[in-house]
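# structure for this input, please:
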Amino acid sequence: QVQLAESGGGLVQAGGSLRLSCAASGRTFSRSFMGWFRQAPGKEREFVAGISRYSGTTSYADSVKGRFTISKDNAKNTVYLHMNSLKPEDTAIYYCAAGVGGLSPDSSSYGYWGQGTQVSVSS
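Coordinates of the predicted model:
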């Protein structure tokens, strides 16, 4: 089993920055990846960014490219989401997720999920 715990959410003004953290504990896999998803009120959960645990390959949704950066610290089993130039439309609950195999933006590829952390961006 893998446990994921997100932190770092909060309220920020448009144009501001936040850094989300996701600490993983429990079993680790040689070929694994982690990702961030978000869900805004009344909308479906959507992929934000993902990173391969060992190669460091990354993937981003078009809506966050150039503004968000995903990074990892394998020694700490932690993945980060650095969010810059935040917009009101970035307001959502952000979820950390982990999967095994190749990096994927498909939520069904992720078998482990955190509880989520709220990010609110005011205009």
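# tell me the pLDDT at the closest residue to residue 123 other than its chain neighbours?
Once flanking residues are discounted, residue 123 sits nearest to residue 88: 4.8 Å by CB to CB, 6 or more residues apart in numbering. From N, CA and C alone the C-beta is placed, and that goes for glycine too. According to the prediction, residue 88 has pLDDT 97.
# wait, residue 88 touches residue 122, no?
Yes - under the criterion of CB atoms under 8 Å, residue 88 makes contact with residue 122 at 7.0 Å.
# okay, and the common contacts of the two?
Any residue near both residue 88 and residue 122 by CB atoms under 8 Å, 6 or more residues apart in numbering counts here, and that gives residue 14.
# give me the element the residue nearest to residue 60 when sequence neighbours are not counted is part of.
Distances taken as CB to CB, 6+ apart place residue 49 nearest to residue 60, at 4.9 Å, with adjacent residues excluded. Per DSSP states H and E, residue 49 falls inside strand 46-52.
# tell me how far residue 59 lies from residue 7.
23 Å (CB to CB, to the nearest Å).
# between those two, which one's more packed in?
Between residue 59 and residue 7, counted using other CB atoms under 10 Å, residue 59 has the larger neighbour count: 17 against 14.
# wait, the more buried one sits on residue 48?
No - taking CB under 8 Å as the definition, residue 59 is not a contact partner of residue 48, at 9.7 Å.
# which strand residues bridge the residue nearest the centre of the chain?
Residue closest to the mean C-alpha point of the chain, counted by CA atoms, centre = their mean, is residue 36 at 2.1 Å. Note on residue 36: beta-bridge partners residue 49, residue 96, judged by DSSP bridges.
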